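Participant: Fold the following, please.
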Amino acid sequence: MARLHLHLLSDSTGETLEMIAKAALAQFDDTEVIRHFWPMVRSQQHLDRIMDEIASHPGLVLFTLVNSDTRERLEDHCRKLGLPAVAALDVVTGALESMLGQQARGRPGRQHQLDEAYFARVDAIQYTIAHDDGLLWEEWEEADIVLAGVSRTSKTPTSIYLANRGYKVANIPVVIESPPPPALFGLRHPLVVGLTTAPERLIQVRRNRLLSLNQAPDTHYVDTDRVGREVQFARRIFADNNWPVIDVTRRSIEETAAAVINLLTERRIETESKVGGSKPI
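Facilitator: Numbering: from 1, shown residues only. Next up is the predicted model:
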(Lines give C-alpha, C1' and ligand atoms only; values in the text may rest on other atoms or scores of the structure.)
Protein backbone atom coordinates (compact mmCIF):
# COMPACT_ATOMS: atom_id res chain seq x y z
CA MET A 1 0.00 0.00 0.00
CA ALA A 2 1.37 3.41 -1.00
CA ARG A 3 1.90 5.87 1.86
CA LEU A 4 1.94 9.65 1.46
CA HIS A 5 2.21 12.70 3.66
CA LEU A 6 -0.02 15.40 2.17
CA HIS A 7 0.49 18.97 3.37
CA LEU A 8 -2.36 21.42 2.70
CA LEU A 9 -1.49 25.11 3.20
CA SER A 10 -4.06 27.87 2.85
CA ASP A 11 -4.16 31.56 3.72
CA SER A 12 -7.87 31.20 4.53
CA THR A 13 -10.05 28.45 6.01
CA GLY A 14 -8.66 25.80 3.66
CA GLU A 15 -12.11 24.51 2.80
CA THR A 16 -11.55 24.84 -0.95
CA LEU A 17 -8.16 23.12 -0.77
CA GLU A 18 -9.58 20.24 1.25
CA MET A 19 -12.33 19.67 -1.32
CA ILE A 20 -9.81 19.65 -4.18
CA ALA A 21 -7.56 17.18 -2.35
CA LYS A 22 -10.51 14.94 -1.46
CA ALA A 23 -11.74 14.85 -5.06
CA ALA A 24 -8.28 14.02 -6.39
CA LEU A 25 -7.55 11.33 -3.77
CA ALA A 26 -10.85 9.60 -4.56
CA GLN A 27 -9.26 8.50 -7.85
CA PHE A 28 -6.68 6.30 -6.10
CA ASP A 29 -7.07 2.95 -4.35
CA ASP A 30 -4.89 1.21 -1.77
CA THR A 31 -3.28 4.36 -0.47
CA GLU A 32 -2.58 5.58 3.05
CA VAL A 33 -2.64 9.36 3.05
CA ILE A 34 -1.65 11.26 6.17
CA ARG A 35 -3.00 14.78 5.89
CA HIS A 36 -1.36 17.76 7.54
CA PHE A 37 -3.70 20.74 7.46
CA TRP A 38 -2.32 24.27 7.79
CA PRO A 39 -5.00 27.01 7.48
CA MET A 40 -4.64 30.79 7.89
CA VAL A 41 -1.01 30.92 6.75
CA ARG A 42 -0.58 34.67 6.31
CA SER A 43 2.94 35.44 7.48
CA GLN A 44 6.44 34.23 6.67
CA GLN A 45 7.03 33.53 10.36
CA HIS A 46 4.02 31.19 10.44
CA LEU A 47 5.23 29.53 7.24
CA ASP A 48 8.72 28.97 8.68
CA ARG A 49 7.26 27.09 11.65
CA ILE A 50 5.23 24.91 9.28
CA MET A 51 8.27 24.15 7.14
CA ASP A 52 9.94 22.45 10.11
CA GLU A 53 7.00 20.03 10.23
CA ILE A 54 7.06 19.50 6.47
CA ALA A 55 10.79 18.73 6.62
CA SER A 56 10.09 16.15 9.34
CA HIS A 57 7.32 14.53 7.28
CA PRO A 58 8.24 15.07 3.62
CA GLY A 59 5.55 14.60 1.02
CA LEU A 60 3.35 16.46 -1.45
CA VAL A 61 2.60 20.12 -0.71
CA LEU A 62 -0.65 21.63 -2.03
CA PHE A 63 -1.31 25.29 -1.40
CA THR A 64 -3.64 28.21 -2.02
CA LEU A 65 -1.60 31.27 -1.07
CA VAL A 66 -2.22 34.60 -2.79
CA ASN A 67 0.55 36.62 -1.15
CA SER A 68 3.49 36.51 -3.58
CA ASP A 69 6.20 36.75 -0.89
CA THR A 70 4.73 33.89 1.12
CA ARG A 71 4.31 31.78 -2.01
CA GLU A 72 7.89 32.35 -3.12
CA ARG A 73 9.19 31.49 0.33
CA LEU A 74 7.18 28.26 0.38
CA GLU A 75 8.31 27.26 -3.11
CA ASP A 76 11.95 28.06 -2.24
CA HIS A 77 11.77 25.89 0.90
CA CYS A 78 10.22 23.03 -1.05
CA ARG A 79 12.89 23.23 -3.75
CA LYS A 80 15.60 22.94 -1.13
CA LEU A 81 13.85 19.91 0.38
CA GLY A 82 13.27 18.36 -3.05
CA LEU A 83 9.50 18.33 -2.52
CA PRO A 84 6.80 19.11 -5.09
CA ALA A 85 4.73 22.22 -4.31
CA VAL A 86 1.51 22.59 -6.30
CA ALA A 87 -0.58 25.79 -6.44
CA ALA A 88 -4.04 24.23 -6.61
CA LEU A 89 -5.90 27.17 -8.19
CA ASP A 90 -3.26 28.71 -10.46
CA VAL A 91 -4.38 27.06 -13.71
CA VAL A 92 -8.02 28.05 -13.19
CA THR A 93 -7.16 31.57 -12.06
CA GLY A 94 -4.83 32.05 -15.01
CA ALA A 95 -7.48 30.92 -17.48
CA LEU A 96 -10.00 33.31 -15.93
CA GLU A 97 -7.54 36.21 -16.11
CA SER A 98 -7.00 35.47 -19.79
CA MET A 99 -10.69 35.20 -20.64
CA LEU A 100 -11.83 38.15 -18.50
CA GLY A 101 -8.96 40.43 -19.41
CA GLN A 102 -8.18 41.36 -15.83
CA GLN A 103 -5.92 40.24 -13.00
CA ALA A 104 -7.13 38.36 -9.95
CA ARG A 105 -7.42 40.49 -6.84
CA GLY A 106 -5.23 38.23 -4.73
CA ARG A 107 -7.29 38.58 -1.56
CA PRO A 108 -7.12 35.69 0.94
CA GLY A 109 -10.47 34.03 1.66
CA ARG A 110 -12.38 36.40 -0.58
CA GLN A 111 -15.00 33.72 -1.28
CA HIS A 112 -15.83 33.61 2.45
CA GLN A 113 -16.65 37.31 2.83
CA LEU A 114 -19.99 38.17 4.39
CA ASP A 115 -21.39 39.44 1.13
CA GLU A 116 -24.87 39.30 -0.36
CA ALA A 117 -24.36 35.75 -1.62
CA TYR A 118 -23.40 34.57 1.89
CA PHE A 119 -26.57 35.94 3.46
CA ALA A 120 -28.64 34.54 0.59
CA ARG A 121 -27.21 31.10 1.35
CA VAL A 122 -28.05 31.44 5.04
CA ASP A 123 -31.58 32.48 4.08
CA ALA A 124 -31.85 29.44 1.79
CA ILE A 125 -30.79 27.08 4.58
CA GLN A 126 -33.29 28.58 7.01
CA TYR A 127 -36.08 28.35 4.43
CA THR A 128 -35.24 24.74 3.58
CA ILE A 129 -35.20 23.57 7.18
CA ALA A 130 -38.55 25.27 7.83
CA HIS A 131 -40.15 23.66 4.77
CA ASP A 132 -38.99 20.10 5.24
CA ASP A 133 -41.34 17.12 4.95
CA GLY A 134 -44.35 19.00 3.62
CA LEU A 135 -44.37 21.83 6.17
CA LEU A 136 -45.67 25.34 5.40
CA TRP A 137 -46.93 24.46 1.93
CA GLU A 138 -48.58 27.89 1.75
CA GLU A 139 -45.08 29.37 1.22
CA TRP A 140 -43.84 26.94 -1.45
CA GLU A 141 -44.20 29.55 -4.17
CA GLU A 142 -41.15 31.27 -2.64
CA ALA A 143 -38.99 28.19 -3.21
CA ASP A 144 -36.55 27.67 -6.06
CA ILE A 145 -37.07 23.92 -6.00
CA VAL A 146 -39.68 21.53 -4.61
CA LEU A 147 -38.73 17.85 -4.27
CA ALA A 148 -41.44 15.19 -4.15
CA GLY A 149 -41.11 11.47 -3.57
CA VAL A 150 -42.05 8.55 -1.37
CA SER A 151 -40.43 8.09 2.01
CA ARG A 152 -36.65 7.45 2.02
CA THR A 153 -35.85 8.77 -1.43
CA SER A 154 -33.25 11.19 0.02
CA LYS A 155 -35.48 14.27 -0.17
CA THR A 156 -34.25 15.91 3.03
CA PRO A 157 -30.47 15.40 2.63
CA THR A 158 -30.70 16.50 -1.02
CA SER A 159 -32.66 19.58 0.06
CA ILE A 160 -30.05 20.51 2.67
CA TYR A 161 -27.22 20.01 0.18
CA LEU A 162 -28.96 22.27 -2.34
CA ALA A 163 -29.64 24.85 0.37
CA ASN A 164 -25.93 25.01 1.10
CA ARG A 165 -25.52 25.87 -2.57
CA GLY A 166 -27.91 28.79 -2.12
CA TYR A 167 -31.22 27.29 -3.33
CA LYS A 168 -34.45 27.54 -1.37
CA VAL A 169 -35.88 24.03 -1.31
CA ALA A 170 -39.12 22.54 0.00
CA ASN A 171 -39.86 18.84 -0.03
CA ILE A 172 -42.93 16.69 0.44
CA PRO A 173 -43.46 12.95 0.90
CA VAL A 174 -45.86 11.35 -1.55
CA VAL A 175 -48.21 9.12 0.47
CA ILE A 176 -51.09 7.11 -1.00
CA GLU A 177 -53.36 7.68 2.01
CA SER A 178 -52.60 11.41 2.15
CA PRO A 179 -52.46 13.06 -1.28
CA PRO A 180 -50.33 16.21 -1.62
CA PRO A 181 -52.04 19.58 -1.09
CA PRO A 182 -53.61 21.06 -4.26
CA ALA A 183 -51.16 23.99 -4.01
CA LEU A 184 -48.38 21.66 -5.17
CA PHE A 185 -49.97 21.30 -8.58
CA GLY A 186 -50.41 25.03 -9.15
CA LEU A 187 -46.87 26.22 -8.41
CA ARG A 188 -45.48 28.63 -11.00
CA HIS A 189 -42.06 29.76 -9.77
CA PRO A 190 -40.42 26.65 -8.24
CA LEU A 191 -39.09 23.75 -10.27
CA VAL A 192 -40.92 20.65 -9.03
CA VAL A 193 -38.83 17.48 -9.33
CA GLY A 194 -39.94 13.94 -8.60
CA LEU A 195 -37.46 11.59 -6.92
CA THR A 196 -37.95 7.89 -7.48
CA THR A 197 -36.03 4.68 -6.85
CA ALA A 198 -36.23 0.95 -7.43
CA PRO A 199 -38.68 -0.70 -4.99
CA GLU A 200 -36.10 -3.35 -4.05
CA ARG A 201 -33.56 -0.68 -3.11
CA LEU A 202 -36.22 1.30 -1.25
CA ILE A 203 -37.16 -1.72 0.85
CA GLN A 204 -33.50 -2.26 1.75
CA VAL A 205 -33.07 1.38 2.82
CA ARG A 206 -36.27 1.34 4.84
CA ARG A 207 -35.40 -1.94 6.54
CA ASN A 208 -32.02 -0.55 7.58
CA ARG A 209 -33.78 2.53 8.91
CA LEU A 210 -36.13 0.42 11.04
CA LEU A 211 -33.23 -1.60 12.42
CA SER A 212 -31.34 1.58 13.34
CA LEU A 213 -34.40 2.68 15.32
CA ASN A 214 -34.73 -0.75 16.99
CA GLN A 215 -38.15 -1.22 15.42
CA ALA A 216 -39.64 -4.39 13.98
CA PRO A 217 -38.09 -4.95 10.53
CA ASP A 218 -41.24 -6.57 9.09
CA THR A 219 -44.06 -4.04 8.73
CA HIS A 220 -46.20 -2.65 5.92
CA TYR A 221 -43.46 -0.02 5.54
CA VAL A 222 -41.28 -2.65 3.87
CA ASP A 223 -43.95 -4.89 2.38
CA THR A 224 -43.00 -5.67 -1.23
CA ASP A 225 -46.44 -5.20 -2.76
CA ARG A 226 -47.20 -2.05 -0.80
CA VAL A 227 -43.86 -0.43 -1.59
CA GLY A 228 -44.36 -1.24 -5.27
CA ARG A 229 -47.76 0.46 -5.20
CA GLU A 230 -46.26 3.51 -3.46
CA VAL A 231 -43.59 3.92 -6.10
CA GLN A 232 -46.10 3.50 -8.94
CA PHE A 233 -48.49 5.98 -7.30
CA ALA A 234 -45.74 8.60 -7.07
CA ARG A 235 -44.57 8.00 -10.64
CA ARG A 236 -48.13 8.41 -11.90
CA ILE A 237 -48.38 11.80 -10.16
CA PHE A 238 -45.06 12.86 -11.68
CA ALA A 239 -46.17 11.82 -15.17
CA ASP A 240 -49.62 13.41 -14.90
CA ASN A 241 -48.02 16.75 -14.04
CA ASN A 242 -45.10 16.50 -16.50
CA TRP A 243 -42.56 16.93 -13.72
CA PRO A 244 -38.97 15.90 -14.42
CA VAL A 245 -38.02 12.72 -12.58
CA ILE A 246 -34.65 11.67 -11.16
CA ASP A 247 -33.98 8.05 -10.28
CA VAL A 248 -31.85 8.07 -7.11
CA THR A 249 -31.32 4.30 -6.98
CA ARG A 250 -27.62 4.49 -7.81
CA ARG A 251 -27.01 8.17 -7.16
CA SER A 252 -25.25 9.82 -4.24
CA ILE A 253 -26.75 12.94 -2.66
CA GLU A 254 -24.22 15.07 -4.55
CA GLU A 255 -25.11 13.44 -7.88
CA THR A 256 -28.82 13.89 -7.29
CA ALA A 257 -28.32 17.54 -6.36
CA ALA A 258 -26.19 18.09 -9.47
CA ALA A 259 -28.96 16.61 -11.63
CA VAL A 260 -31.52 18.93 -10.00
CA ILE A 261 -29.29 21.97 -10.58
CA ASN A 262 -28.88 20.97 -14.24
CA LEU A 263 -32.66 20.79 -14.63
CA LEU A 264 -33.04 24.21 -13.03
CA THR A 265 -30.35 25.68 -15.28
CA GLU A 266 -31.98 24.20 -18.39
CA ARG A 267 -35.32 25.68 -17.35
CA ARG A 268 -33.83 29.12 -16.80
CA ILE A 269 -32.08 29.03 -20.18
CA GLU A 270 -35.31 27.99 -21.86
CA THR A 271 -37.24 30.74 -20.08
CA GLU A 272 -34.67 33.40 -21.00
CA SER A 273 -34.72 32.18 -24.59
CA LYS A 274 -38.48 32.53 -24.80
CA VAL A 275 -38.37 36.00 -23.23
CA GLY A 276 -35.58 37.08 -25.56
CA GLY A 277 -37.41 35.67 -28.57
CA SER A 278 -40.51 37.69 -27.78
CA LYS A 279 -38.69 41.03 -27.85
CA PRO A 280 -39.32 43.21 -30.90
CA ILE A 281 -36.40 43.67 -33.29
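
Participant: ok but residue 251 is inside a helix, no?
Facilitator: No - read with DSSP: H, G, I helix; E, B strand; the rest coil, residue 251 is coil and lies in no helix.

Participant: Tell me where the model's unsure across the chain.
Facilitator: Low-confidence regions of the chain, defined here as pLDDT under 70, cover residues 105-115, 275-281.

Participant: buried residues in stretch 176-192?
Facilitator: In terms of neighbour count (16 or more other CB atoms under 10 Å), stretch 176-192 has its buried residues at 180, 184, 187, 190, 191, 192. Bear in mind the C-beta positions are built from the backbone N, C-alpha and C, glycine included.

Participant: same check, this time on stretch 221-230
Facilitator: By neighbour count, with 16+ other CB under 10 Å as the criterion, the buried positions of stretch 221-230 are 221, 222, 227, 230.

Participant: same question, stretch 46-60
Facilitator: Residues 47, 50, 51, 54, 59, 60 are the ones in stretch 46-60 that count as buried (16+ other CB under 10 Å).

Participant: what's the helix or strand for the spatially closest residue to the fifth one that is not a sequence neighbour?
Facilitator: Counting by CB to CB, 6 or more residues apart in numbering, residue 5 is the residue found nearest to residue 59 once chain neighbours are left out, at 3.0 Å. With elements taken from DSSP states H and E, the one containing residue 5 is strand 2-10.

Participant: With residue 58 instead?
Facilitator: Here residue 58 is covered by no helix or strand, with elements defined by DSSP H and E.

Participant: which ones are touching the residue nearest to it when sequence neighbours are not counted?
Facilitator: Setting aside the residues directly before and after it, residue 58 is nearest to residue 83 in space (CB to CB, 6+ apart), at 5.6 Å. For residue 83, the set of contacting residues under the criterion of CB atoms under 8 Å, 6 or more residues apart in numbering consists of 54, 58, 59, 60, 61.

Participant: How about the backbone phi and psi for residue 83?
Facilitator: phi -110, psi 140 (degrees, to the nearest 10).

Participant: related to what we said a few turns ago, could you give the separation of the strand holding residue 5 from the chain centroid?
Facilitator: 24 Å (CA atoms, centre = their mean, to the nearest Å).

Participant: so what strands line up beside that strand?
Facilitator: Partners of strand 2-10 in the sheet, by DSSP bridges, are strand 31-38 (parallel), strand 60-64 (parallel).

Participant: Show residues contacting that strand.
Facilitator: For strand 2-10, the external contacting residues (CB under 8 Å, 6+ apart) are 14, 16-18, 21, 25, 28, 30-41, 47, 50, 53-54, 57-65, 74.

Participant: So which bits of it are buried?
Facilitator: Of all the residues in strand 2-10, those buried under the rule 16+ other CB under 10 Å are 5, 6, 7, 8, 9, 10.

Participant: Which elements pack onto the strand or helix carrying residue 124?
Facilitator: Assigned by DSSP H and E, residue 124 belongs to helix 116-130. Secondary structure elements in contact with helix 116-130, counted by 3 or more CB pairs under 8 Å, 6 or more residues apart in numbering; DSSP states H and E, are helix 155-164, strand 169-173.

Participant: Moving along the chain from that helix, name the first helix or strand you hit.
Facilitator: Reading on from helix 116-130 to the C-terminus, the next helix or strand found by DSSP H and E is strand 145-149.

Participant: Next, count neighbours for the closest residue to residue 190 other than its chain neighbours.
Facilitator: If the residues on either side of it in the chain are set aside, residue 190 comes closest to residue 143, at 4.3 Å by CB to CB, 6+ apart. Neighbour count for residue 143, taken as other CB atoms under 10 Å: 23.

Participant: Surely residue 104 is in contact with residue 96?
Facilitator: Yes - because the distance of 7.2 Å satisfies CB atoms under 8 Å, residue 104 is recorded as touching residue 96.

Participant: isn't residue 159 right next to residue 172, touching?
Facilitator: No - because the distance of 10.5 Å does not satisfy CB under 8 Å, residue 159 is recorded as not touching residue 172.

Participant: So for those two, which sits in the more crowded spot?
Facilitator: Remark: of residue 159 and residue 172, residue 159 carries more neighbours, 29 against 21, as counted by other CB under 10 Å.
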